[in-house]
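Student: fold the following.
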Amino acid sequence: MKILIIDADSILLNKRFNYGDIVPRLQIGYVLSLLEMNNLDYYFLDCRFIDEIENSLSFYKSADIIVIFFNTYDYKFAFKLANYFKDKIVVGIGPHASALPLTIIYEDSPFDYALRGECEYDLIKLIKNLGNKDELDKIESLYYSEKKNSKISLIKDIDNLPYPKYHSFNGRYYDILPVPFFKKANWGFVNASRGCPNLCTYCSPMNRVSYGYNYRIRSAKSVVDEIEYLISLGKNVIEIVDDNFTVSKKFVTEVCDEIMKRELKIKWVAQAKIDTLDKDIMLKMKTAGCFCIRTGVETGSNKIVEEVKKYKGDWKELVEETFKYAKQIGIIVDAYIILGLPNETENDREETLEMLKKSKPDFVQVHYFQPYPGSLLYDNAEKEDFNEYLYHYNCSLKEFRTVKNKIYKIVYFNPKAIIKHLSLFSGFYIRNPKIFSRLVNFLIN
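Tutor: This is a model prediction of the structure:
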């Protein structure tokens with residue numbers, strides 16, 4: 001019996017990628033490790049790194065079970081893949097299957113099963129018990145035509161998961177962010193926690209449904225053991241992929257202390273919610289090797305931030321003060337902006353521009369609002385306001401592009417920013433010229 005695991009992200013096939021973050025799906029990595037531990041024969045196809053799908057799929061025709069991981073914006077592509085293998089057993093996993101299993105399991109659907117939430121262990125149970133209805137009905141996260149009372153599966157002790165199957169991931173695009181060193185970058189990725197206790201109404205189902213609100217952390221020893229293992233594989237920069245690494249300052253402190261105790265000389269980056277950061281915790285992270293914090297700024301409008309339940313108070317002042325501390329400490333800031341949140345006005349977008357002029361992040365990534373299934377804004381939205389990619393627009397796409405270009409000019413195209421950027425990263429670009437060319441093409445286009 002052969003199993004094919006597919007990451008159905010069609011970012012390259014749809015020509016959507018130019019410059020930004022692409023990280024390996026560590027949930028898939030955990031699945032691959034568990035398949036290997038259970039002596040199950042598998043293939044892995046990462047659709048983000050193929051240019052032509054039909055020839056790639058023909059290679060895997062001998063597979064017996066097809067497992068497809070996909071998000072809502074790749075719903076149509078996932079069905080194309082499922083239809084190609086419709087004579088096989090096809091299983092849907094990932095955010096969309098977790099949030100809306102009824103949209104993939106129905107009469108004449110090419111999908112046979114959906115697994116909801118953290119399905120790593122449940123997928124192994126499903127594979128081993130195919131044909132045994134009594135055992136299948138015991139799998140709480142399993143949704144199929146004869147069992148529609150499924151529940152989201154959450155793994156309580158995530159320390160017990162094996163390390164993801166790192167060697168299965170193609171590192172061709174996993175090195176987007178410049179690093180302040182004169183080396184060829186070799187990225188490794190670690191998941192230190194799961195779940196998120198915050199109530200932001202726009203958030204993706206990966207937290208809201210797939211990983212839940214129940215925040216669970218690994219032990220600091222386990223996290224640093226994995227970092228040390230990645231270093232032994234030749235990784236020289238680590239990204240902690242948690243949506244909010246700094247929920248618990250005690251946990252962050254323990255991880256940093258463990259890194260320093262072992263004297264690990266490793267550059268690393270983490271994502272953090274701004275109101276969980278302060279000067280002390282950023283200094284601790286910096287001392288332990290953190291060179292960059294990625295953070296969801298989203299907007300400069302206090303009104304919008306409060307409406308989406310991200311923060312109540314003076315958001316602009318908090319952002320500016322936090323970024324000022326980061327600069328004093330010497331930590332690079334990568335700010336995420338969302339344009340088009342519900343009720344956003346032209347004045348709100350102007351507030352975002354003014355905030356960025358004052359806070360001066362080192363990098364910025366601008367996204368259009370996507371109301372993902374599983375988020376409160378998706379549940380409350382009028383569906384006729386959405387196009388096929390689920391974007392919700394409060395003004396024309398042309399205006400959004402205009403604002404986006406203004407943001408890039410503020411952050412990237414001013415003399416001080418250019419001088420700082422080159423002073424930090426010129427050595428890196430010499431050793432990693434492809435990343436520099438991607439950045440230039442991105443900014444020009």
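Student: distance from the chain centre to the longest helix anywhere in the chain, please.
Tutor: Counting residues, the longest helix in the chain under DSSP state H turns out to be helix 415-431. In terms of Cα atoms, centre = their mean, to the nearest Å, the centre of helix 415-431 is found 26 Å from the chain centre.
Student: what pLDDT, on average, does it get?
Tutor: Regarding helix 415-431, the rounded mean pLDDT is 93.
Student: in terms of secondary structure, what does that helix contact?
Tutor: Counting contacts by 3 or more Cβ pairs under 8 Å, 6 or more residues apart in numbering; DSSP states H and E, helix 415-431 is packed against helix 433-444. C-betas here are computed from N, CA, C, even on glycine.
Student: from the contact counts, what lies against the helix or strand encompassing residue 269?
Tutor: Using DSSP states H and E, residue 269 sits within strand 267-271. Packed against strand 267-271 by the contact rule (3+ Cβ pairs under 8 Å, 6+ apart) you find strand 237-240, strand 290-298.
Student: measure how the longest helix of the chain sits relative to helix 433-444, angle-wise.
Tutor: 150 degrees (axes from the mean of the first three to the mean of the last three Cα atoms, to 10 degrees).
Student: what about the stretch 51-200 of the chain, any weak spots by pLDDT?
Tutor: Low-confidence segments of the stretch 51-200 of the chain (pLDDT under 70): 170-175.
Student: quick one, helices of it?
Tutor: 53-58, 75-84, 95-99, 120-128, 133-136 (DSSP state H, counting those that start in this stretch).
Student: for the fourth one, which outside residues touch it?
Tutor: When contacts are defined by Cβ atoms under 8 Å, 6 or more residues apart in numbering, helix 120-128 is touched by residues 1, 3, 27, 30-31, 34-35, 38, 40, 65, 67, 91, 93, 113, 115, 135-136, 138-142, 153, 155, 161.
Student: of all the helices of the stretch 51-200 of the chain, which one is nearest residue 369?
Tutor: Among the helices of the stretch 51-200 of the chain, helix 95-99 comes nearest to residue 369, with 16.5 Å by Cβ to Cβ.
Student: kindly format the C-alpha coordinates of the closest one as PDB.
Tutor: Output of helix 95-99 as PDB, limited to C-alpha atoms (Å, rounded to 0.1, in the frame of the first residue of the first chain):
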ATOM      1  CA  PRO A  95      -7.700  24.300   7.200                       C
ATOM      2  CA  HIS A  96     -10.500  24.000   4.700                       C
ATOM      3  CA  ALA A  97     -11.300  20.300   5.500                       C
ATOM      4  CA  SER A  98     -11.200  21.300   9.200                       C
ATOM      5  CA  ALA A  99     -13.600  24.300   8.800                       C
END
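Student: show me the protein divided up by domain.
Tutor: Residue ranges for the domains of the chain, per automatic domain parsing: 2-143, 179-415.
Student: could I get the ones you listed as TSV with mean neighbour count and distance to residue 169?
Tutor: Shown next, in TSV, are the domains of the chain (neighbours: other Cβ atoms under 10 Å; distance: least, Cβ to Cβ, whole Å):
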stretch	mean neighbour count	distance to residue 169
domain 2-143	19	4
domain 179-415	18	8
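Student: point out where the stretch 201-350 of the chain drops to low pLDDT.
Tutor: Checking the stretch 201-350 of the chain against pLDDT under 70 turns up 202-213.
Student: again, 80 this time
Tutor: Along the stretch 201-350 of the chain, the parts satisfying pLDDT under 80 run over 201-214.
Student: what's the local residue count around residue 426?
Tutor: 12 (other Cβ atoms under 10 Å).
Student: does residue 150 touch residue 102 like I think?
Tutor: No. Judged on Cβ atoms under 8 Å, residue 150 makes no contact with residue 102 at a distance of 10.2 Å.
Student: shared neighbours of the two, anything?
Tutor: In contact with both residue 150 and residue 102: residue 143, using Cβ under 8 Å, 6+ apart.
Student: gap between the strand holding residue 269 and the chain center?
Tutor: The answer for strand 267-271 is 14 Å, by Cα atoms, centre = their mean.
Student: note down every partner strand of it and its orientation.
Tutor: strand 237-240 (parallel), strand 290-298 (parallel) (DSSP bridges).
Student: return stretch 46-55 as PDB; C-alpha atoms alone will do.
Tutor: Listed next in PDB are the C-alpha coordinates belonging to stretch 46-55 (Å, rounded to 0.1, in the frame of the first residue of the first chain):
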ATOM      1  CA  ASP A  46       4.700  19.800  -2.900                       C
ATOM      2  CA  CYS A  47       2.700  21.600  -5.600                       C
ATOM      3  CA  ARG A  48       4.400  24.900  -4.700                       C
ATOM      4  CA  PHE A  49       7.500  23.800  -6.500                       C
ATOM      5  CA  ILE A  50       6.200  22.300  -9.800                       C
ATOM      6  CA  ASP A  51       5.500  24.200 -13.000                       C
ATOM      7  CA  GLU A  52       3.300  21.600 -14.800                       C
ATOM      8  CA  ILE A  53       0.900  19.400 -12.900                       C
ATOM      9  CA  GLU A  54      -0.200  16.600 -15.200                       C
ATOM     10  CA  ASN A  55       3.300  15.100 -15.800                       C
END
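Student: one step back: tabulate the strands paired with strand 267-271 (TSV), appending distance to residue 324.
Tutor: Converted to TSV, the strands paired with strand 267-271 look like this (distance: least, Cβ to Cβ, whole Å):
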stretch	distance to residue 324
strand 237-240	23
strand 290-298	13
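Student: show the contacting residues for the closest residue to residue 169 other than its chain neighbours.
Tutor: Spatially, and ignoring its direct neighbours in sequence, residue 169 is nearest to residue 24 (4.1 Å; Cβ to Cβ, 6 or more residues apart in numbering). Residue 24 sits next to 164, 166, 169, 174, 189 when contact means Cβ under 8 Å, 6+ apart.
Student: closest one to residue 441 out of those, please.
Tutor: residue 174 (18.4 Å).
Student: ok so, going back, out of the contacts of helix 120-128, which sit inside strands?
Tutor: 3, 65, 67, 91, 93, 113, 115, 142 (DSSP state E).
Student: is it true that the fourth one touches residue 116?
Tutor: No. With contacts counted by Cβ under 8 Å, residue 91 stays clear of residue 116, the gap being 11.5 Å.
Student: roughly how far does the residue of the chain most remote from its centre sit from residue 91?
Tutor: The C-alpha centroid of the chain is most remote from residue 134, which lies 35.7 Å away (Cα atoms, centre = their mean). Separation of residue 134 from residue 91 (Cβ to Cβ, to the nearest Å): 19 Å.
Student: repeat that for residue 444.
Tutor: 42 Å.
Student: rewinding a little: and the two most separated of the contacts of residue 24?
Tutor: Maximum distance among the contacts of residue 24 (Cβ to Cβ): 12.8 Å, for 164 and 174.
Student: overlap in contacts, the two.
Tutor: By Cβ under 8 Å, 6+ apart, the residues touching both residue 164 and residue 174 are 24, 189.
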